[in-house]
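*Asks:* what shape does this take:
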Amino acid sequence: MIHQGTLTLRTSGQGLHEITESIARELSRSALQRGVLTVFCQHTSCSLMLMENADASARRDLEAWLNRLVPENDPHFEHTLEGADDMPSHIKMALTRSSESIPFSAGQLQLGTWQGIFLWEHRRRPHTRSLIVTVMGE
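*Replies:* Alright, predicted model coming up:
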């Protein structure tokens, strides 16, 4: 059996936005009990990530590290029409992930104790993001 749905999320700008509950609700809508759930982000300036959800400092440290790795206003960037954060957001997406696969059992995501699913917005301004959730199982 396969269930597929689209989640539309509004971000508040740069940062890791936890979407675990939204994904769990889509799994529940599927009524499937065991299998694999895949989340796919339809954008090139944000990404998906499994990350610590207990201590926000882990997420802040990760974001700060990636901002140091890919700074805005790099004079070598040609793709800057949409602002200083445009090309860095594409590079950050390419270095991270645009999809995540998570097993589920008894209708529950099998995430670890401190794991959450996050949409990582790389643009400074708020954006509306679309995620395709595909649930395969029985």
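*Asks:* what's the closest residue to residue 72 other than its chain neighbours sitting at in phi/psi?
*Replies:* Of all residues not flanking residue 72 in the chain, residue 84 sits nearest, at 4.1 Å (CB to CB, 6 or more residues apart in numbering). Just so you know, the C-beta spots here come from the backbone N, C-alpha and C atoms, and that holds for glycine as well. Phi and psi for residue 84, reported as degrees, to the nearest 10, are phi -70, psi -20.
*Asks:* let me know the pLDDT of residue 84.
*Replies:* Per-residue pLDDT puts residue 84 at 95.
*Asks:* next structured bit after the helix or strand hosting residue 90?
*Replies:* According to DSSP states H and E, residue 90 maps onto helix 86-95. With elements assigned by DSSP H and E, the helix or strand that comes after helix 86-95 is strand 99-105.
*Asks:* and that next one, what does it pack onto?
*Replies:* In terms of contacts (3 or more CB pairs under 8 Å, 6 or more residues apart in numbering; DSSP states H and E), strand 99-105 is packed against strand 35-41, strand 46-52.
*Asks:* turn the ones you listed into TSV, including mean pLDDT.
*Replies:* Putting those into TSV (pLDDT from 0 to 100) gives the following:
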stretch	mean pLDDT
strand 35-41	98
strand 46-52	97
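*Asks:* relative to residue 8, which of those strands is closest?
*Replies:* strand 35-41 (11.9 Å; CB to CB).
*Asks:* please point out which parts of that closest one sit buried.
*Replies:* For strand 35-41, the neighbour count (16 or more other CB atoms under 10 Å) marks 35, 37, 39, 41 as buried.
*Asks:* now do stretch 119-138
*Replies:* 119-123, 127, 129, 131, 133-137.
*Asks:* stretch 64-79: end-to-end distance?
*Replies:* One end of stretch 64-79 to the other measures 22 Å (CA to CA, to the nearest Å).
*Asks:* so how far is it off the chain centroid?
*Replies:* 20 Å (CA atoms, centre = their mean, to the nearest Å).
*Asks:* residues in contact with it?
*Replies:* 84, 85, 86, 87, 88, 90, 91, 92, 95, 96 (CB atoms under 8 Å, 6 or more residues apart in numbering).
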